[in-house]
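1. test case, fold it:
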Amino acid sequence: MAAPLLELSGVTVRFAGLVALDDVSLRVPAGRVIGVIGPNGAGKTTLFNVVCGFVRPQQGTLRWKGRTLSRHRPHELSRLGIARTLQGLGLFPGLTVAENVMTGAGRRARTGMPSALLALPRADRDEAALRSSALARLAALGVVDAADRFPGELSYGVRKRVALARALAAEPELILLDEPAAGLSAEEIRELGELVRSLTSSPAPSGQDGPGMSVVLVEHHMDLVMEVCDDVAVLDFGRLIAHGTPAEIRDDPAVVTAYLGEEVLPVTGEETDKETDKKTEKETSEETSG
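-> A predicted model of the protein is given here:
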């Protein structure tokens with residue numbers, strides 16, 4: 001079996017007396033979509049923060065392409081090949097949409113600050129190339145018409161696409177999506193699902209051989225998770241209580257009890273035996289009381 005792109009082994013994080021992650025292990029293979037679900041406070045954001053270097057685990061290891069990461073910092077993620085979107089979007093209000101996306105491609109810039117300050121020709125060429133790439137990302141997400149507008153002028157749904165375009169501009173090998181469907185319409189969520197699946201089937205970043213981009217998706221919209229993910233990990237009170245395919249997770253009693261609920265179970269158009277029994281008991285009770 002090929003080594004995973006990202007691997008967490010026995011990760012434990014404590015904040016004072018609170019255990020945010022308890023011996024959590026997770027593998028993210030190349031070119032796959034891995035969903036991470038769980039109720040609020042389950043540890044999903046802490047998991048992302050460990051990967052991004054915001055939080056240091058008290059126990060366990062984090063490996064990227066087989067190399068242990070123990071002292072990496074958030075500003076090093078782009079160089080490593082990792083990108084992340086935020087729930088709060090984090091767009092720069094004083095920059096245009098195109099300029100916001102260009103900031104995500106900083107690691108691909110060939111010239112440094114001195115060349116830019118001196119307005120050397122190579123700096124102009126570099127900026128033109130970054131802008132062209134940014135416009136291509138915006139076009140792929142259907143928001144290129146907003147390129148020269150400011151984030152504050154746009155709807156929330158459009159701003160979310162801009163934030164995603166900025167993350168993709170870095171051409172990462174792994175992208176962490178933190179509740180990307182929040183605040184989107186049903187049609188926008190459908191389009192988002194198509195985009196996420198397309199990332200894994202696209203050519204590998206930077207022309208490398210191998211699978212396309214990997215995605216870790218934290219999301220509360222279960223329809224989206226079940227549709228786009230290859231595997232799903234379920235957290236509850238910091239513990240990993242289940243890990244498997246969407247079908248396996250959907251039918252796992254522990255997951256249903258902890259989080260999903262009956263409303264996301266398969267709808268066959270026919271009543272289950274349990275539902276029939278419940279209805280019979282209710283009708284019998286009503287007849288008796290009448």
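2. make it CA atoms for all contacts and neighbour counts henceforth
-> Will do.
3. against which helices or strands is the one helix or strand A165 maps to packed?
-> Using DSSP states H and E, A165 sits within helix 156-169. Contact here means 3 or more C-alpha pairs under 8 Å, 6 or more residues apart in numbering; DSSP states H and E; on that basis helix 156-169 packs against strand 82-84, helix 97-103, helix 121-140.
4. one more time with 10 Å, if that's ok
-> strand 82-84, helix 97-103, helix 121-140, strand 174-178, helix 186-201 (3 or more C-alpha pairs under 10 Å, 6 or more residues apart in numbering; DSSP states H and E).
5. next, the angle helix 121-140 makes with it.
-> 130 degrees (axes from the mean of the first three to the mean of the last three C-alpha atoms, to 10 degrees).
6. related to what we said a few turns ago, mean pLDDT for the helices and strands packed on helix 156-169: which is lowest?
-> Mean pLDDT values for the helices and strands packed on helix 156-169 show the minimum at helix 121-140, a mean of 78.
7. quick check: buried residues in that helix?
-> Neighbour-count burial for helix 121-140, with 16 or more other C-alpha atoms under 10 Å as criterion, is recorded at 123, 126-127, 130-131, 133-138.
8. let me have these in TSV, adding distance to R71 as columns.
-> Output for those, formatted as TSV (distance: C-alpha to C-alpha, whole Å):
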residue	distance to R71
A123	33
D126	31
E127	32
L130	30
R131	33
S133	31
A134	31
L135	35
A136	34
R137	32
L138	34
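9. helix or strand: which one has I241?
-> Using DSSP H and E, I241 sits within strand 239-244.
10. so who does the residue lying closest to P29 once chain neighbours are set aside touch?
-> In this structure, P29 finds its nearest non-sequential neighbour in P4, 4.3 Å apart by C-alpha to C-alpha, 6 or more residues apart in numbering. Residues near P4 by C-alpha atoms under 10 Å, 6 or more residues apart in numbering: 26-30, 63-66.
11. nearest to L240, out of the helices and strands packed on helix 156-169?
-> strand 174-178 (18.2 Å; C-alpha to C-alpha).
12. what packs against that closest one?
-> Other elements packing on strand 174-178 under the criterion 3+ C-alpha pairs under 10 Å, 6+ apart are strand 33-37, helix 44-52, helix 77-80, strand 82-84, helix 156-169, helix 186-201, strand 214-218.
13. ChimeraX command to pick out the buried ones of the contacts of P4?
-> Buried subset of the contacts of P4, written as a ChimeraX selection, criterion 16+ other C-alpha under 10 Å:
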select :26,28,29,30,63,64
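14. okay if I get the contacts of P4 as TSV plus secondary structure and distance to P39?
-> Below are those laid out as TSV (DSSP: H, G, I helix; E, B strand; the rest coil; distance: C-alpha to C-alpha, whole Å):
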residue	secondary structure	distance to P39
L26	strand	18
R27	strand	21
V28	strand	21
P29	coil	25
A30	coil	27
R63	strand	26
W64	strand	27
K65	coil	30
G66	coil	31
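15. from the centroid of the chain, which residue is nearest?
-> Geometric centre of the chain, nearest residue: L177, 1.8 Å, by C-alpha atoms, centre = their mean.
16. gap between G152 and A182?
-> Counting by C-alpha to C-alpha, to the nearest Å, the separation of G152 from A182 is 18 Å.
17. what would the helices and strands packed on helix 156-169 look like in a markdown table with distance to T257?
-> A markdown table is the format used below for the helices and strands packed on helix 156-169 (distance: least, C-alpha to C-alpha, whole Å):
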| stretch | distance to T257 |
| --- | --- |
| strand 82-84 | 30 |
| helix 97-103 | 41 |
| helix 121-140 | 39 |
| strand 174-178 | 24 |
| helix 186-201 | 26 |
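18. right, and these - which one's nearest E219?
-> Closest approach to E219 among the helices and strands packed on helix 156-169 (C-alpha to C-alpha): strand 174-178, 6.7 Å.
19. so how far is the closest one off the chain centroid?
-> 3 Å (C-alpha atoms, centre = their mean, to the nearest Å).
20. verify the stated contact: L240 with L47.
-> No: using C-alpha atoms under 10 Å, L240 makes no contact with L47, being 11.2 Å away.
21. which residues are in contact with both of those two?
-> 21, 24, 26, 36.
22. what residues does the strand holding I241 touch?
-> Contacts to strand 239-244, defined as C-alpha under 10 Å, 6+ apart, come from residues 12, 19-26, 34-38, 42-43, 230-236, 248-250, 252-255, 258.
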